[in-house]
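sequence and predicted structure, then a few things I'm wondering about:
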Amino acid sequence: GENVEQHPSTLSVQEGDSAVIKCTYSDSASNYFPWYKQELGKRPQLIIDIRSNVGEKKDQRIAVTLNKTAKHFSLHITETQPEDSAVYFCAASRRNTPLVFGKGTRLSVIA
Amino acid sequence: NAGVTQTPKFQVLKTGQSMTLQCAQDMNHEYMSWYRQDPGMGLRLIHYSVGAGITDQGEVPNGYNVSRSTTEDFPLRLLSAAPSQTSVYFCASSRTGGSGANVLTFGAGSRLTVL
């Protein structure tokens, strides 16, 4: 089955700097790659997703890139703000199979 | 719409006791799932269902049972609680299973402690 590795497990950045979180997946048939954000004590919520027919997707300060050949995808957050502090999870799935999540990255944005 | 509703929010059990975590959604989602979240372990899939009457095992199914008699409800049963089942449990649903349209909507979570 699918296996998703996520790095780093913790990340601290200064406010205004960029943050990058990377994930690799094992199943070459996976074609859907979402990112979820979980604030302290809250539920995970989708922030952006990408499908395998697209190489990059942006939504304001966040972007996701996908390299199908290398089987890795990354989350980029620019101009980080304190409210970006949270745990971020990547995930992957193929058609009609459940999402498999990475272990998460705890991002701290230092003001 | 209430979305995905989980009860209870908190529960303390003794080893060997049984209990049911309730999950209900009002979005007419076909796909429902249960994850557990442990520090440093991410979200691990326990069981899932692609429709009423259909359930399947995820990554960590041992010690848990599920059933899906209606589209709306997907209860998770702990048969004989063990300290290793101390965790935060999330129910999540989506319109369909798989990558077709599986934007997951999560419930607020249920924190379970087994003594």
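Arrived safely. Residues are numbered from 1 along each chain as shown, chains lettered A, B, ... in the order given.

ok, now which ones touch residue B:24?
Each residue near residue B:24 by C-beta atoms under 8 Å, 6 or more residues apart in numbering or on different chains is listed here: B:4, B:5, B:72, B:73, B:74. Every residue, glycine included, has its C-beta placed from N, CA and C.

can you say which of these are buried?
B:4, B:72, B:74 (16 or more other C-beta atoms under 10 Å in any protein chain shown).

hmm, back to that, among the contacts of residue B:24, name the ones in strands.
If you go by DSSP state E, the contacts of residue B:24 have B:4, B:5 in strands.

and chain A, which of its residues are near chain B?
For chain A, the contact set with chain B under C-beta under 8 Å from any C-beta of the partner chain comprises A:6, A:9, A:30-32, A:34, A:36, A:42-46, A:49, A:51, A:89, A:93-104.

what do you get if the cut-off is 10 Å, keeping everything else the same?
Within chain A, the positions near chain B by C-beta under 10 Å from any C-beta of the partner chain are A:1, A:4, A:6, A:9, A:29-34, A:36, A:38, A:41-46, A:49, A:51-52, A:87, A:89-104, A:106.

thinking again about what came up before, next, format the buried ones among the contacts of residue B:24 as CSV and append distance to chain A and pLDDT.
Formatted as CSV, the buried ones among the contacts of residue B:24 follow (distance: C-beta to the nearest C-beta, whole Å; pLDDT from 0 to 100):
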residue, distance to chain A, pLDDT
B:4, 8, 96
B:72, 19, 96
B:74, 13, 98
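
so how far is residue B:63 from residue B:77?
Residue B:77 is 10 Å from residue B:63, where distance means C-beta to C-beta, to the nearest Å.

typed the wrong thing, it's residue B:7
Distance from residue B:7 to residue B:63, by C-beta to C-beta: 20 Å.

which residue lies nearest the spatial centre of chain B?
Nearest to the mean C-alpha position of chain B, by C-alpha atoms, centre = their mean, lies residue B:34 at 2.7 Å.

give me the low-pLDDT residue ranges for chain B?
For chain B, the stretches with pLDDT under 70 are B:97-102.

how about the strands in chain B?
Using DSSP E, strands in chain B cover B:4-7, B:10-13, B:19-25, B:31-38, B:42-51, B:54-57, B:64-66, B:76-78, B:87-94, B:105-106, B:110-114.
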